[in-house]
Structures are given as structure tokens and as C-alpha cells.
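Trainee: what would the 3D arrangement of this be:
(2 chains, ligands or ions: 5)
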Number of protein chains: 2
Amino acid sequence: MPYTASPLIPSATADHQFSTQNLPYGVFSTSSNPTQRIGVAVGDFVLDLTSCADLLTQSVEGLTAEDVTSSNLNSLMGKESKVWKGLRAQIFSLVTGSAPGLTTSNFVSLTAVTMHMPARIGDYTDFYSSREHATNVGTMFRGIDNALQPNWLHLPVGYHGRASSVFLDGSAVVRPQGQLQKNKEDPKEGSIFGASKLLDFELEMAFFVGGPANPPGTPITMAEAEDRIFGLVVMNDWSSRDVQKWEYVPLGPFCAKNWATSISPWIVSLEALEPYRAATSAREQKDPEPLDYIKDPNYSSYDIALEVTIQGENMSAPETVSKSNFKNLYWNVKQQLVHHSITGCNMSPGDLLGSGTISGTPQDSFGSMLELCWKGTREVKLGESGEVRKFLKDGDTVSMSGVCKKEGVGCVGFGSVTNKIYPAGTKLAASGANGVWKAA
Amino acid sequence: MPYTASPLIPSATADHQFSTQNLPYGVFSTSSNPTQRIGVAVGDFVLDLTSCADLLTQSVEGLTAEDVTSSNLNSLMGKESKVWKGLRAQIFSLVTGSAPGLTTSNFVSLTAVTMHMPARIGDYTDFYSSREHATNVGTMFRGIDNALQPNWLHLPVGYHGRASSVFLDGSAVVRPQGQLQKNKEDPKEGSIFGASKLLDFELEMAFFVGGPANPPGTPITMAEAEDRIFGLVVMNDWSSRDVQKWEYVPLGPFCAKNWATSISPWIVSLEALEPYRAATSAREQKDPEPLDYIKDPNYSSYDIALEVTIQGENMSAPETVSKSNFKNLYWNVKQQLVHHSITGCNMSPGDLLGSGTISGTPQDSFGSMLELCWKGTREVKLGESGEVRKFLKDGDTVSMSGVCKKEGVGCVGFGSVTNKIYPAGTKLAASGANGVWKAA
Ligand SMILES: [Ca+2]
Ligand SMILES: [Ca+2]
Ligand SMILES: [Mg+2]
Ligand SMILES: [Mg+2]
Ligand code: NI
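Mentor: Numbers count the residues shown, from 1 in each chain, chains lettered A, B, ... in the order given. Ligands and ions are numbered 1, 2, ... in the order given. Predicted coordinates for the structure are as follows:
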């Protein structure tokens, strides 16, 4: 597909992360209009959907004013996928000039917007679907021969996470306190109280569920799955490894992961990603074959280059610590959704489902400090800054980004999710509403 | 405290579960007025708060019309506890006649109301806080010497649950399908697909979080905990033991528990329960002593008699299978809340925190079929009906109730949570909104 530029927004070139191939949704406000409203990023600008609501609802069947003028995307997400697809098509036509009606007054500069949480998240689930990551963690804790648990190749292992603490790019993140095992070797000696010392990131992506909720008892089938995936973001699943070690048997991670998860602000649709569909790192699922309900006849993922940087307080620039790819997932987004609902679980528009840490095979593609420092046995160099890390320090700023590039196709970028770590006990301003918290 | 009757509602006697000591909140509608609105149960009637909103907001500082006339309790829950306490005091005065203004026209008959979910649940967490239950489960799977994991006596073990599938009393519950371990003894043989055979209930109570949310990074202290607990309900944490067995290592229960959790419709406040405060079954926490942050200087629970009945399709009446008590909790509600937030987790009004299965020491006080049938090794007799069970059958109706009784104090009852199990594959009507689903 040849790239179609935007006469109105010349900055939306084929190599801009917000090319006309992307058209991601977000929720923004400006200082001149503090109303939180829906926008679509195009080049260096944001199309304000409220400003052109009539142009959209008139030509897209099933689309209502509420869907495009609300303060979050839940109403639009709750519509059938043909409505989102119709909306995307109409926005593409308007932005590229094949349909008339837009002027530059419908856009605001990206530099002028404050982003907000794109949706009210009903439930947040996190999976564990990168074989490379699960193998690394399993090898560290159980040895290479038992790295994968017996169930791992049969189903996408996952757990329910905490929705209230999903924050946005730019939010402050406060180091947690909690119970830590007193004697590293012997849990029988009990625990002490303290600030977590083993603070970690997890490089993930996540998707928002869309479409009308399935009633309880009616699973989502593989054939229906794409129509229930509204779009993706980059996600940092902040984790406290020492809290996790002490608490997680037998019911899984709880306080270790209930204090922060952060996401990038722009939601990228599967249609935007379609040209970037690619084989997973596993290429196929044959040994074992998945059970029928979870077998994907179009088994694949997307070629999304992911990168993590860290900038310590005394560093002049961020340094890359990991480069991975969304292809490094054994279980893809459709399989995650189908498995989640196989018991009849009702999936609601606005639910967020995380991929799990995305690690590749080379050491510099590992998606967490736990893996990069191999459980504390090696130091991770932060470029030429002279600084090293095993786990994260107070004042560190962690940034994750994702981008798709291919000759002849418009670039599709996710922006980034960037958060700074504040010391344990830091008070955040109570007014830090809608996902972006700031130190008081 | 001598019992104060209600001149307006003579049925609210001291031994009625909705005595004037109780005054539980719920959300109801009637066929003549389908608007979902907040009510308070008093004897055989429901006080319609919308009908007397002025009488309430005029005399309670900080209480707004929205708090009492909304379609759910989230707005009221989000107020400071002094507002809920003021509202309770004013309702007590009005109902018992010490303050004027109410007439019988402000009430509707309990027999005329349809109940709805009392709140939009932001996040649902389930604990594992009954020592008797954890000991039973641990003994079954690891032997009596290792029954409790090393962390269990140091912290309230818990996990994040699925909020979208918290349903109300009366909702249909559909047997889940999923992955089951092929060979019971050897997980390496993989899994098969099928309907869950080991369907279970879990007898629990749960509380709704109240009060303005703490900002991320600021834990709730023990001194603040009671002001963040809006009230309690009885809860059935439906579980699929065979799905759980195969999936739960290493991240805990996921699909085994994501398909249904059901709660009773009336929320009972801690003030209503105060006369029923009682020592826990453990009486004290000395070995080990809890860490300071989680030590409760007023360590106690509440004397709430709990009962579970089962009625099979061919039975003429429900038969009791378990009688337990809310005292059978090692970690109390305050400790659960404080621990949940110790990492800085922001707790929102409307969050639901479950106790975990509440088992006592005698066999007939066990809170799940897993324990009652001791992992399938004994049959549970359903009274004199001639029927026996190990796990639950299609068509079984499971009912749980809770009640507090004490000489000279008004009775405080929770009503019940009663749900019937439908066969795997049963379609539910898509219109079954707000927590009560019916077969299509
Ligand atoms: Ca994760
Ligand atoms: Ca439970
Ligand atoms: Mg997280
Ligand atoms: Mg449940
Ligand atoms: Ni949740």
C-alpha cells in the first residue's frame, strides 16, 4: 500500500511515528480548553474529535456523538468493531483530503496537549506469554531443565492485576514499602519491614478490550477475537522483586505489583498494525499443538520494535538497556483474550490485558532488570555514563517506546511511557487525577 | 444498649434481621418505578432515600443529594466516614421517630423490590485469611507438617480477582469450561478441554472500601482503617478446582475464579456490627507477632453466624452443609486493608475485598466442598434428602447467609446470596445487566 500523505498536516510524513497509517486514539486537554476529550495523533498535531463530531457521526453508521465527544474512550470501545473501523476510515479520508470538511482549526499542536488516561479500566490482567522471558526466569529459579512449568506451553499463564494503579506516561512512581524476607535463604525466619530494594520494570505491551461485552458463560471464540481488541499501548509493569519473593506462594504476585503499572497514552489499532503482522519468534505452535479453542489459524504477532532506556539523576541523557520486539511472544493477543474468557468470563470494553514481559534471546533484549542483571549476579552498564545498575534507583527515569517501520508503509509509533521513581514515602498531590500523579 | 423500635415500621423488631440496629444500604427498583436507587432495609420494608433526600442532606454535614439519590453507592462511599456515620445517625433518628418527617409513603415493601449491584466495583481482591481453611487446604496438598506456607502467619495472603464477574444474589451461574489436567498424577501429559467437574463454592464475607482514595504511595494506617471500610456483605467465591489445579503454578488462580463471584445485596456497616465485635478464633497474634504496621491494638473480628445450604433440583428444600462464623479469621478486615495498601496501593471507594474461605475447626464448619468432601475422599450428605455431593451439580442452588444475634441488641442480618448453577454452554440473556443474569 503506497503511503498517503496529509495535505492539511504536512508533518505526517511516512516516517513520522504518527503517520496517516497510525491514527491512534488518546484523551487530551489543553491549557486553553481543560476539558478532557478524545483526539487522534497526526504528525505533530492532534485532531480534536469533538471539534469535528458531526463530520464523523454523519458518515459512520452506529457512531454517536457520545462515542467521539466523551472524556474517555469507553463509549467508543463498547461499540461493534465495524464502528471503530468505520471511524478510522472516515478519519483517514478527512485527514488525507479525500473527504472534505477539516481545516487546521480542528487540530492542536502535540506540544500544547496534556494527555490523560484514555479509558476507565474495568479490569486489568497480566499474562506471561514470552517464552524467552519465562525461560529466563525459570532457569534462574529452577534451573534450565525445569525452566518452563508443565502448563506453560498449553495455555497463556496469567493473573488478575490491580486496575486502580494503572497510571499514564509522565506519572510519578513511588518506591513501595512492604514485607521482605529476613533471611534470603530461609523463609522460616520470617520477614522485616522496609522499602523494596529490588525495584524493577517489565517491558510489556497491553491491549484494550473493545466491542459489546460477552455475557457471562459465553466465551469469545478465536474467530471473534480481533473484533474484541480495540488497540494496543506500551506498558511498564513495575515490580518489586523482594516483596514478590516473600509473598507470592501460593496465590501469585499481589503487593509486589499492586502499586504501579504505567502505559503510553496513544492506543494503536490492529488495522494500523496490520502491515506489520509478522511471525512470532516461535514461528509455529506444534510441540505441543494448542487445544482447538485456542489454536489460531492465522498464528502471528506484530513486528513492533521495543526499547527501554534508563536515565539516572546524574546522567545527562537516557541510555538504552534493552531492545526487544513484540514478536517475542509465544501466545498472541487473540489467544490471550480467548483463553481469558474460555470459562465464560465476561470481558468489558476498557479492560486492559498485558502481554507479560517481552524478552528476546540475546541478553540485550531482556525485558526486565531481573533478567538483565541475572538475579543480581552482573552489573548492567548504562552506556558510557559510568553508571551501572542491578535494580532501579530512586531518581531513575525509565522510558519505554515502541515503533513499527517498513519501506513504503507509513510508520506506526506508540510514543512512549516514561516515569520517574521517587523515594519511598514521597507524598503525591491528591489532585493528580486521571492517571498522572505528581509529587506534592 | 436497649433496643429502639420503629413506630413507623412495627415489623422491625429486635429479632428481625433488619432491625433498627442494622440499617443496611442497598440499591433497588420496583415495577412501578424502575429507576435504580438507594434504599435502607428496615424490617419488612425499604426506606427509599431518594424520597427523603432533603431530610437527609439538610441535617448531615457534607452529604449531597448525589450521595443519596444516585443509582449506586459509589458517591456516598467516597465521602469521609463521618458523612456515612452522620447519615446512619439521621436515618436511625427518622426511623425510630426521634426526628420527624418520615411517613409510610417513604417506604416500599421488601417483597416489591428488585435488588441491583450496590456499587460499581473498581477492583476486587480476595484474601486467604482463615487459618482453619488454609490449614485444611495445606494439609490436603502438602501434609499437616507443612500445611501453612512460611509467609502465612506474617501477612494476609491475597490475590487480585476479577471485578467484572462479581454478580448479585439471584444471578444465574454457568458452569465453566476450560483446560483440565489430562493425567491427575502427571502434569507433563498436558491437558484436555472440557466442562469443569470440580465446581465449588467458597463461603466468604467481603467489605466495600469507603472514604476518599489514598493517593498512590501513601499507605492506609491501622488507625485509619475503620474509616476506609464502608460495610460488609456475604460472598460466594465460586471456584473450579480442576481448572485451578492445572493453571495456578506459578501465578495463582486465574481462569479458575474469573467466571463468577456473588454477593448478598445489603451492605452492613461496621457501626451496625459494633455490638457483635468478638475475639477471633485465634484470640491473639503472638507467635509470631505481626510487624508493627499490621499490628491491630484492638485485634478482633465480629460474631457473625454463617450458613451454607444446597438444594438440588430434585430436592424439596435446601439442606445445610456448613455452619461457620466470621470469627474464624486470623487476619481481620483492618489488617487486610492495611496490608493491601502498604506498598502505596491506592484504594478506591467501591473496591471489594474478600475474606477468603471461612472455615472453623469442626468438619461441619468447613467453608468449601473441597474441604467438606476432603478432596473427594468422602461424600457430603444433604440432610435426609437421600442426596450426596462431593462437588456441585448442575441445577444445584447454593445459598449463603449471615446473621448476628445477641440478647438485648437488635439483630443484624445480611440476607443471603443464593445462586443456581446452569449447565456449561447455557446462554444468558444479554439484558441481564447490573449483576443479575438470567438464562436466555
Ligand atoms: Ca508482568
Ligand atoms: Ca476465595
Ligand atoms: Mg503492574
Ligand atoms: Mg471469584
Ligand atoms: Ni480488577
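Trainee: tell me how far the helix or strand harbouring residue A:242 lies from the chain's centre.
Mentor: Element membership for residue A:242 (DSSP states H and E) is helix A:241-247. With Cα atoms, centre = their mean, to the nearest Å as the basis, helix A:241-247 stands 24 Å off its chain's centre.
Trainee: pull up the pairing partners for the helix or strand that that helix is followed by, direction included.
Mentor: Using DSSP H and E, the helix or strand that follows helix A:241-247 in sequence is strand A:261-263. Applying DSSP bridges, strand A:261-263 is found paired with strand A:166-168 (parallel), strand A:229-236 (antiparallel).
Trainee: give me the below-cutoff pLDDT ranges for chain A.
Mentor: Low-confidence segments of chain A (pLDDT under 70): A:1, A:431-433.
Trainee: spell out which residues of it are next to ligand 3.
Mentor: Neighbours of ligand 3 within chain A, by Cβ under 5 Å from the ion: A:237, A:257, A:261. In short, each C-beta sits where N, CA and C put it, glycine included.
Trainee: same list, these, but only the ones touching ligand 2.
Mentor: Okay, of these, nothing touches ligand 2 (Cβ under 5 Å from the ion).
Trainee: what's the closest of those to ligand 2?
Mentor: residue A:257 (19.1 Å; Cβ to the ion).
Trainee: which residue does chain A bring closest to ligand 2?
Mentor: Closest point on chain A to ligand 2, by Cβ to the ion, is residue A:251, at 9.3 Å.
Trainee: against residue B:197, how distant is that residue?
Mentor: Counting by Cβ to Cβ, to the nearest Å, the gap between residue A:251 and residue B:197 amounts to 23 Å.
Trainee: more crowded one of the two?
Mentor: More crowded of residue A:251 and residue B:197, by other Cβ atoms under 10 Å in any protein chain shown: residue A:251, with 21 against 13.
Trainee: surely the more buried one and residue B:158 touch.
Mentor: Yes: Residue A:251 lies in contact with residue B:158 (Cβ atoms under 8 Å); the separation is 6.8 Å.
Trainee: which residues are in contact with each of these two?
Mentor: residue B:128 (Cβ atoms under 8 Å, 6 or more residues apart in numbering or on different chains).
Trainee: what strands line up against the helix or strand encompassing residue A:191, and which way round?
Mentor: Taking DSSP H and E as the criterion, residue A:191 maps to strand A:186-195. Using DSSP bridges, the strands paired with strand A:186-195 are strand A:177-183 (antiparallel).
Trainee: ok, for the closest residue to ligand 4 within the stretch 201-350 of chain A, nearest residue in space, not its chain neighbours?
Mentor: Closest approach between the stretch 201-350 of chain A and ligand 4, counting by Cβ to the ion: residue A:345, at 10.4 Å. The shortest distance from residue A:345 to any non-neighbouring residue, by Cβ to Cβ, 6 or more residues apart in numbering or on different chains, is to residue B:258 (4.3 Å).
Trainee: quick one, what contacts the one you found?
Mentor: With Cβ under 8 Å, 6+ apart, residue B:258 has these contacts: A:160, A:340, A:343, A:345, B:161, B:162, B:165.
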